[in-house]
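J.: My questions are about this predicted structure, shown below with the sequence.
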Amino acid sequence: MTSAKHPLIRLGLVLCLTAAGTLGTAHISSAQKPSAQQETGGIGVQTQVDTTTKQLVIQSVVSGRPAEKAGLKPGDIILEVDGKKIAGESQEQTINRIRGAIGTSVKLKVQRTNQIVIVYIIRGKIQVSQPSPPEKEQADSLFNQGNQAYSTSDFRGAMEKWNQALKIYIQIGDKKGEGNAYGNLGVAYKNLGEYQKAIEYHNKALQIDIQIGSKLGEGQDYGNLGNAYYSLGEYQKAIEFQNK
């Protein structure tokens, strides 16, 4: 192995198409404006923009919903919606094209490892998430402020915001937010040269992502652990984690 991959930080959250950051996660649950007789539906997935490739990745598939029945899987990368490429679109624009009237069909082209898969999905009724409580909104805001500080290489400032967000996520039982905060803190520690601390925090993020079933999160954790071990000169361990 000649070089480590770029560390993956996790960017801001998006809930029910209301952006709380520039990139992040979203529930696909509604569609282009239906007529008065048509009820808006979706397919039942959560998506996340990969911070390195900028690709829209399916993070989780809701059990029993149309996406699962059609065979979509966590880790699938969305390439096209109804024959039109999503490159150049915002996450929200793509989501708006995936939603539509209940009972209508949407065609997705996805990449699954080295395979291209075409999936036809009949949109169904998807429960829309309730508005976030004030504590979560505060935590998400702090988390995004940390991302902004990180983007200017203010690693200490980023860590301060992420630690504040982490405390709130733990208090309100938001495991996903907790895992994201641990992961980003690990990236910051690596940038500061504190590799053992980075490994400690990435392992915490990994345990949470395994617990909540986030395959995308697990992949980021393994990659970041590989980067930390590479920086320590433990190349065999780095290869082991990068290959997971």
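T.: Sure, I can see it.
J.: So which residue is dead centre in this protein?
T.: Gln48 (3.3 Å; C-alpha atoms, centre = their mean).
J.: List the strands paired with the helix or strand hosting it, with their directions.
T.: Following DSSP states H and E, one finds Gln48 within strand 45-49. In the sheet, strand 45-49 lines up against strand 25-27 (antiparallel), strand 56-61 (antiparallel) (DSSP bridges).
J.: helices and strands around the helix or strand following the last one, which ones?
T.: Next in sequence after strand 56-61, counting helices and strands by DSSP H and E, comes helix 66-70. Counting contacts by 3 or more C-beta pairs under 8 Å, 6 or more residues apart in numbering; DSSP states H and E, the secondary-structure elements packed against helix 66-70 are strand 56-61, strand 115-122. The C-beta positions use only the backbone N, C-alpha and C, and glycine is treated the same way.
J.: The same query, at a cut-off of 6 Å, please.
T.: Judged by 3 or more C-beta pairs under 6 Å, 6 or more residues apart in numbering; DSSP states H and E, helix 66-70 is in contact with strand 115-122.
J.: Show me which parts of the strand it packs on are buried, residue by residue.
T.: Judged by neighbour count using 16 or more other C-beta atoms under 10 Å, the buried positions of strand 115-122 are Val119, Ile121.
J.: State the pLDDT value of the spatially closest residue to Thr104 that is not a sequence neighbour.
T.: Nearest residue to Thr104, sequence neighbours excluded (C-beta to C-beta, 6 or more residues apart in numbering): Arg123, at 5.5 Å. For Arg123, the model assigns a pLDDT of 93.
J.: Give the burial count for Arg123, as a bare number.
T.: 26 (other C-beta atoms under 10 Å).
J.: quick one: it from Gln91, how far?
T.: 18 Å (C-beta to C-beta, to the nearest Å).
J.: and if you look at Gln236?
T.: According to C-beta to C-beta, Gln236 and Gln91 sit 37 Å apart.
J.: now Asp140
T.: 16 Å.
J.: ok, now Gly193?
T.: 33 Å.
J.: the more surrounded of those two?
T.: Gln91 (22 against 9).
J.: Neighbours of the nearest residue to that one once chain neighbours are set aside, how many?
T.: Distances taken as C-beta to C-beta, 6+ apart place Val49 nearest to Gln91, at 5.7 Å, with adjacent residues excluded. Other residues near Val49 come to 22 when the count uses other C-beta under 10 Å.
J.: With Gly44 instead?
T.: 26.
J.: hang on, it packs against Ala67?
T.: Yes: Gly44 is in contact with Ala67 according to C-beta atoms under 6 Å; the separation is 4.9 Å.
J.: nearest spatial neighbour of Glu218, skipping sequence neighbours?
T.: Here the residue nearest Glu218, using C-beta to C-beta, 6+ apart, is Asp209, at 4.7 Å.
J.: any idea which helix or strand carries the one you found?
T.: Per DSSP H and E: Asp209 is located in helix 195-212.
J.: Tyr230 too?
T.: helix 215-231.
J.: Output the contacting helices and strands for that helix.
T.: helix 195-212, helix 235-242.
J.: 8 Å - rerun?
T.: Using 3+ C-beta pairs under 8 Å, 6+ apart: helix 215-231 touches strand 56-61, helix 175-191, helix 195-212, helix 235-242.
J.: quick one: it to helix 235-242, angle?
T.: Counting by axes from the mean of the first three to the mean of the last three C-alpha atoms, to 10 degrees, helix 215-231 lies at 170 degrees to helix 235-242.
J.: Tell me the buried residues in helix 215-231?
T.: 215-231.
J.: Next: stretch 157-168.
T.: Gly157, Ala158, Met159, Glu160, Lys161, Trp162, Gln164, Ala165, Leu166, Ile168.
J.: Give me the mean pLDDT for it.
T.: 95.
J.: Restricting to C-alpha, output it in CSV.
T.: Extracted C-alpha coordinates of stretch 157-168, given in CSV (Å, rounded to 0.1, in the frame of the first residue of the first chain):
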residue,chain,number,x,y,z
GLY,A,157,-12.6,24.5,17.0
ALA,A,158,-14.3,21.6,15.1
MET,A,159,-13.6,19.3,18.0
GLU,A,160,-15.1,21.7,20.5
LYS,A,161,-18.4,21.9,18.5
TRP,A,162,-18.5,18.1,17.9
ASN,A,163,-18.0,17.4,21.6
GLN,A,164,-20.8,19.8,22.5
ALA,A,165,-23.0,18.0,19.9
LEU,A,166,-21.9,14.6,21.2
LYS,A,167,-23.1,15.4,24.8
ILE,A,168,-26.5,16.3,23.5
